[in-house]
Structure formats: C-alpha cells, structure tokens
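Participant: Build me a structure from this.
(one chain, ligands or ions: 4)
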Amino acid sequence: RADVGLYRAKQAGRNRTVLESSRQLPLAVELREAIDRGTLDVQYQPIVSLADGAARAVGVEALLRWSSHAQPEVTTEGLIRVAEEYDLISDLDELVLRRACADAARLQETFAQLDLTLNVNVSGLELAETEYADRVSGILEETGWPAAQLVLEVTESELAAESETAIANLHKLREGGVRIAIDDFGTGYSSLSRLATLPSDILKVDQSFVASIRSDSPAPPLLGVIAALSKSLDLQVIAEGVETEYQAAVLTELGFALAQGYHYSDSHPVSELINDLNDRHGVVGAALSENEPPAHGWIPLD
Ligand code: C2E
Ligand code: MG
Ligand code: MG
Ligand code: MG
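Facilitator: Ligands and ions are numbered 1, 2, ... in the order given. The predicted structure follows:
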C-alpha cells in the first residue's frame, strides 16, 4: 500500500522515507494544481498560557490541511515531504503564510484586545533560499500583519543542515522583528554550543517528551533540563502535544509557561477558531461570526 511508507516515515520522524514513486508523482501534480488554485486549507491550533490555570490563548499555529484530494489518507507530513521533493515547497509555504497572515489580521480586528501571535511552519529548504526573508517582509506588508506578532517555526533537524543562507535569513527576519521557534526540539541532536548561537527565540519541545509524562512513571528528567536550559539561554519554551490534565500540571510545575495540544484544542478552520476564542475569552466576534463561513472554512483574501 502506497500510504504505508508515509505512516512509517511519520513514526520515524522526518527521515526521508518516500512514497512509492508510482503514487508520488500524481500526488505532486495534484498538489501543484491545488497550490495554483488555492484549494488548500489552513487550520489553526491555539497556543495557551499555563500561567493562571485559565488556559488563555496567546497565539495560534497555522497547519496545512488538504481535504479535497484523491489521497485523503496522506498525512500533512507526507504532503510536506512530497512538496519538498518536487520543488513545490516554496509556493506551498508561501501560500500558507499569506493566507495565515490575512486570516490573523482579520481575527485581530475582532479580538483586538488579545494581541495574538501567529506561528507558521517553514521548511528548511525554503529558509535556505536567498530571497526568503524579503519574501516574508513582502507578505507582511501586503497583509498588514505585524512582524512582531509572527513566529516562524523551523525544525531542529532542518536547522542542523547548517546552511549559511538559512542562518543569514534568520538574522534578517529577527532584525525585522519576526521571532524564530525551533520546532520538535530535543530530537535533532543540536549541540549545546550550537543552540546558544542559533538565532532563535523559542523552543518547541517535541511531543515525544510530553507523551512520556504519565502518572504511572516518574517525570522524564530531560523536560526539567530543557526548561532550565531555555531559561538560562533566555528562550521562551512551548510544550507541544499536551493531551492530559496531568501532563499540563507536571509541565506547569517544571516551569513551562506555554502549551499546545488536544487537551486544550485541536486545530480548527478560522471560522470555528472564532468560536473557540469566544468560548475561551467571552469576546463576541460579531463582525466575523455573523457571516456565513466561506466554502473552504477560511477567510478569502479579496
Ligand atoms: P508541527 O509543526 O510539530 O505541528 C504539530 C503537529 O502535532 C500537528 O500535526 C498537530 O496537528 C499535531 N498535534 C497537535 N496537538 C497534538 C496532541 O495533543 N497530540 C498529538 N499526538 N498531536 C498533536 P500536523 O498538522 O499533522 O502537522 C505535522 C507537521 O507537518 C507539523 O509538525 C509541521 O512540521 C508540518 N507542517 C504543517 N503545516 C505546514 C506548513 O504549512 N508548512 C510546512 N513546511 N510544514 C508544515
Ligand atoms: Mg510547528
Ligand atoms: Mg513540533
Ligand atoms: Mg513535527
């Protein structure tokens, strides 16, 4: 079965296991068309503050979704890998970034008092393109989303690829006010000295660490180490994949300030995110929620 390779790759992390080529090419062609037509979806998962136990949303992470294609069993990670292999990743990431910034700008109009941060994933391949930082500035200008409220997430393993252009882009983006998060932290084998010099602001601790917090076993020692490390390097730290109240309690105890996961909320189309934020904050987003949700569940760019 063609999807087996993808599931295996997902389990093994971001290694380069590929789909059987007989099904990868049609998928790439279909993905190309979807990018050109803009028939891809972006969903948003809240990032919450652990500070006062109220799980206030302080931001959202944009996640690619593609519901309307012929191989619905393919995971988002699988799609990203196909996009990377067929040189579609820059166009794909740019589409997600543009749409996410436009959606977030509309949300912010409704929830002015929230000061939401928008997190968007970027492929290491795209980050290594010379004009990447300028492209991001262009999209911010076009959509009106403030640089200071954008976080770009790049995985630790992709940063380990050690591209000078990528590092130059990170510096340029940070000079412009954009913050950088190292995603899936703890799985990429960065040396401590490298970590201290990487142009970054936030560590997103890999879900596997959080998954190992269970009431029937002692708290995994590395989580405390990561919390202390981020403090001494002056980095913010986000725990990903929080699924239980128990995990949330342990993470709070360990000094984590921010969390994300099914325990709080799954990802939603922007129209439903408004309801989630309303439930969470009791702010009535009349301007947006009175309108019919758009066909694809996101706010058109018009
Ligand atoms: P990520 O950036 O680490 O995103 C977190 C993943 O964990 C998401 O999977 C999310 O849906 C899932 N998740 C959230 N909460 C929980 C939880 O409590 N438990 C568990 N088990 N999972 C949870 P998703 O959406 O399938 O995305 C997978 C990966 O694909 C992302 O990992 C990111 O690396 C990549 N990705 C997603 N969208 C984009 C994009 O627009 N561009 C690029 N380059 N990569 C993207
Ligand atoms: Mg991410
Ligand atoms: Mg992650
Ligand atoms: Mg991941």
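
Participant: Ser208: what's it in contact with?
Facilitator: For Ser208, the contact set (CB atoms under 8 Å, 6 or more residues apart in numbering) comprises 186-187, 241. (Glycine included, C-beta is placed from N, CA and C.)

Participant: Next: Thr76.
Facilitator: 63-66.

Participant: Ser67 now?
Facilitator: Ser67 makes contact with Asp41, according to CB under 8 Å, 6+ apart.

Participant: Do you know the pLDDT at it?
Facilitator: pLDDT for Ser67: 79.

Participant: Is it within a helix or a strand, and which one?
Facilitator: Ser67 belongs to no helix or strand when assigned by DSSP states H and E.

Participant: Could you do Ile35 as well?
Facilitator: Assigned by DSSP H and E, Ile35 falls in helix 21-37.

Participant: Kindly report the same for Leu195.
Facilitator: With elements taken from DSSP H and E, the one containing Leu195 is helix 192-197.

Participant: Rounded mean pLDDT for that helix, please.
Facilitator: The average pLDDT within helix 192-197 is 82.

Participant: If you count neighbours, what's buried in that helix?
Facilitator: In terms of neighbour count (16 or more other CB atoms under 10 Å), helix 192-197 has its buried residues at Leu195.

Participant: now check the helix or strand that the helix holding Ile35 is followed by, is it near ligand 2?
Facilitator: Towards the C-terminus, the helix or strand next in line after helix 21-37, according to DSSP H and E, is strand 41-49. No: judged by CB under 5 Å from the ion, strand 41-49 stays clear of ligand 2, getting no closer than 9.2 Å.

Participant: where along the stretch 151-300 of the chain do the helices fall?
Facilitator: Secondary structure of the stretch 151-300 of the chain (DSSP state H, counting those that start in this stretch): helices at 156-159, 164-175, 192-197, 207-211, 221-232, 245-254, 270-281, 286-289.

Participant: So what touches the second one?
Facilitator: Contacting residues not belonging to helix 164-175 are listed as 124, 127-130, 132-133, 136, 152, 154, 159, 180, 198-201 [CB under 8 Å, 6+ apart].

Participant: now it, how far from the centre of its chain.
Facilitator: 19 Å (CA atoms, centre = their mean, to the nearest Å).

Participant: For that helix, list the C-alpha coordinates in CSV.
Facilitator: This file holds the C-alpha atoms of helix 164-175, laid out as CSV (Å, rounded to 0.1, in the frame of the first residue of the first chain):
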residue,chain,number,x,y,z
GLU,A,164,24.7,29.8,5.7
THR,A,165,21.9,31.3,3.7
ALA,A,166,19.3,29.9,6.2
ILE,A,167,21.2,31.4,9.1
ALA,A,168,21.5,34.8,7.3
ASN,A,169,17.7,34.7,6.6
LEU,A,170,17.1,34.0,10.3
HIS,A,171,19.2,37.0,11.3
LYS,A,172,17.5,39.2,8.8
LEU,A,173,14.0,38.1,9.9
ARG,A,174,14.8,38.8,13.5
GLU,A,175,16.2,42.2,12.7
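
Participant: pLDDT of that helix, averaged?
Facilitator: 96.

Participant: Check the first one too.
Facilitator: Averaged across helix 156-159, the pLDDT comes to 86.

Participant: Residue numbering should commence at 49 henceforth.
Facilitator: Let's use 49 as the start, then, which means that last one is helix 204-207.

Participant: how about that helix, does it get close to ligand 3?
Facilitator: No: shown here: helix 204-207 not in contact with ligand 3 (CB under 5 Å from the ion), separated by at least 9.3 Å.

Participant: I'd like to know which elements that helix is packed against.
Facilitator: Packing partners of helix 204-207 (3 or more CB pairs under 8 Å, 6 or more residues apart in numbering; DSSP states H and E): helix 172-175, strand 227-233.

Participant: now, among the contacts of Thr124, which is nearest to ligand 2?
Facilitator: Nearest to ligand 2 among the contacts of Thr124: Leu111, at 7.6 Å, using CB to the ion.

Participant: Count the neighbours of that closest one for me.
Facilitator: Counted with other CB atoms under 10 Å, residues neighbouring Leu111 total 19.

Participant: list the contacts for it?
Facilitator: Contacts of Leu111 (CB under 8 Å, 6+ apart): 90-93, 124, 169, 315.
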